[in-house]
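>>> make a model of this:
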Amino acid sequence: MKTLQILLIIAFLVGCDTNRTDIAYEEYDADQARETSETTALETDSFRIGNKEIRDEMLELFEENNIQYSLSDDNLITISLADGDTVDEIYTDVRLTYIRRN
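Below you'll find the model as predicted:
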(Lines give C-alpha, C1' and ligand atoms only; values in the text may rest on other atoms or scores of the structure.)
Protein backbone atom coordinates (compact mmCIF):
# COMPACT_ATOMS: atom_id res chain seq x y z
CA MET A 1 0.00 0.00 0.00
CA LYS A 2 2.88 2.35 0.75
CA THR A 3 4.34 1.82 -2.72
CA LEU A 4 1.02 2.84 -4.27
CA GLN A 5 0.97 6.03 -2.22
CA ILE A 6 4.58 6.79 -3.15
CA LEU A 7 3.85 6.19 -6.84
CA LEU A 8 0.85 8.55 -6.69
CA ILE A 9 2.91 11.27 -5.00
CA ILE A 10 5.66 10.89 -7.61
CA ALA A 11 3.08 11.06 -10.43
CA PHE A 12 1.61 14.28 -9.01
CA LEU A 13 5.04 15.84 -8.57
CA VAL A 14 6.11 14.95 -12.10
CA GLY A 15 2.84 16.28 -13.50
CA CYS A 16 3.16 19.66 -11.79
CA ASP A 17 4.44 22.54 -13.87
CA THR A 18 7.13 24.39 -11.94
CA ASN A 19 7.74 26.92 -14.73
CA ARG A 20 4.23 28.38 -14.55
CA THR A 21 3.96 32.13 -14.25
CA ASP A 22 1.01 33.68 -12.49
CA ILE A 23 -0.68 36.75 -13.94
CA ALA A 24 -1.87 39.34 -11.49
CA TYR A 25 -5.46 40.49 -11.94
CA GLU A 26 -4.30 44.01 -12.77
CA GLU A 27 -2.10 42.71 -15.59
CA TYR A 28 -4.96 40.86 -17.28
CA ASP A 29 -6.11 42.81 -20.31
CA ALA A 30 -9.76 42.00 -21.00
CA ASP A 31 -9.73 43.89 -24.29
CA GLN A 32 -6.83 41.82 -25.55
CA ALA A 33 -8.59 38.59 -24.55
CA ARG A 34 -11.75 39.72 -26.32
CA GLU A 35 -9.81 40.51 -29.50
CA THR A 36 -8.22 37.08 -29.62
CA SER A 37 -11.53 35.29 -29.03
CA GLU A 38 -13.58 37.23 -31.60
CA THR A 39 -13.58 36.00 -35.16
CA THR A 40 -12.63 38.20 -38.04
CA ALA A 41 -14.71 38.62 -41.18
CA LEU A 42 -12.10 36.69 -43.16
CA GLU A 43 -12.51 33.44 -41.20
CA THR A 44 -14.89 31.06 -42.92
CA ASP A 45 -16.42 27.67 -42.38
CA SER A 46 -17.99 25.25 -44.83
CA PHE A 47 -20.65 22.59 -44.51
CA ARG A 48 -23.00 20.53 -46.63
CA ILE A 49 -26.73 20.03 -46.25
CA GLY A 50 -27.77 16.86 -48.05
CA ASN A 51 -31.50 17.54 -47.99
CA LYS A 52 -32.39 19.87 -50.88
CA GLU A 53 -35.54 21.20 -49.18
CA ILE A 54 -33.67 22.16 -46.00
CA ARG A 55 -30.74 23.62 -47.98
CA ASP A 56 -33.01 25.78 -50.16
CA GLU A 57 -34.94 27.08 -47.17
CA MET A 58 -31.69 27.90 -45.34
CA LEU A 59 -30.35 29.80 -48.34
CA GLU A 60 -33.57 31.82 -48.52
CA LEU A 61 -33.22 32.75 -44.84
CA PHE A 62 -29.54 33.64 -45.40
CA GLU A 63 -30.63 36.16 -48.01
CA GLU A 64 -33.38 37.55 -45.77
CA ASN A 65 -30.89 38.02 -42.91
CA ASN A 66 -28.15 39.47 -45.16
CA ILE A 67 -25.75 36.62 -44.46
CA GLN A 68 -23.08 36.34 -47.11
CA TYR A 69 -22.53 32.80 -48.31
CA SER A 70 -21.23 30.94 -51.31
CA LEU A 71 -22.56 27.70 -52.73
CA SER A 72 -20.26 25.48 -54.75
CA ASP A 73 -21.25 22.98 -57.43
CA ASP A 74 -21.06 20.11 -54.95
CA ASN A 75 -23.46 21.88 -52.51
CA LEU A 76 -20.72 23.09 -50.16
CA ILE A 77 -21.99 26.17 -48.33
CA THR A 78 -19.29 28.57 -47.12
CA ILE A 79 -20.12 31.25 -44.55
CA SER A 80 -18.25 33.77 -42.44
CA LEU A 81 -17.67 32.65 -38.86
CA ALA A 82 -18.79 36.09 -37.73
CA ASP A 83 -22.31 35.02 -38.79
CA GLY A 84 -21.96 31.61 -37.14
CA ASP A 85 -24.45 32.18 -34.33
CA THR A 86 -27.13 33.41 -36.72
CA VAL A 87 -26.48 30.49 -39.06
CA ASP A 88 -26.82 28.06 -36.12
CA GLU A 89 -30.17 29.60 -35.20
CA ILE A 90 -31.38 29.45 -38.80
CA TYR A 91 -30.32 25.83 -39.17
CA THR A 92 -32.03 24.84 -35.92
CA ASP A 93 -35.26 26.60 -36.90
CA VAL A 94 -35.30 25.13 -40.40
CA ARG A 95 -34.48 21.64 -39.15
CA LEU A 96 -37.20 21.73 -36.48
CA THR A 97 -39.73 23.04 -39.00
CA TYR A 98 -38.81 20.24 -41.40
CA ILE A 99 -39.17 17.64 -38.63
CA ARG A 100 -42.60 18.99 -37.65
CA ARG A 101 -43.77 18.88 -41.27
CA ASN A 102 -42.72 15.28 -41.75
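>>> show me what contacts residue 91?
Listed by CB atoms under 8 Å, 6 or more residues apart in numbering, the contact set of residue 91 reads residue 58. For every residue, glycine as well, the C-beta is placed using N, CA and C.
>>> what about residue 74, distance to residue 85?
Noted for residue 74: a distance of 26 Å to residue 85, by CB to CB, to the nearest Å.
>>> can you pick out the residue with more neighbours from those two?
For residue 74 versus residue 85, neighbours defined as other CB atoms under 10 Å are more numerous around residue 85 (9 against 6).
>>> give the contact list for the more buried one.
Listed by CB under 8 Å, 6+ apart, residue 85 has no contact partners.
>>> tell me how far it lies from residue 95.
For residue 85, the distance to residue 95 equals 16 Å [CB to CB].
>>> now swap in residue 62 and tell me
From residue 62 over to residue 95 (counting by CB to CB), the distance is 15 Å.
>>> with residue 86 instead?
Residue 86 sits at a distance of 15 Å from residue 95 (criterion: CB to CB).
>>> before we move on, what about residue 44?
Spatial separation of residue 44 from residue 95 under the definition CB to CB is 22 Å.
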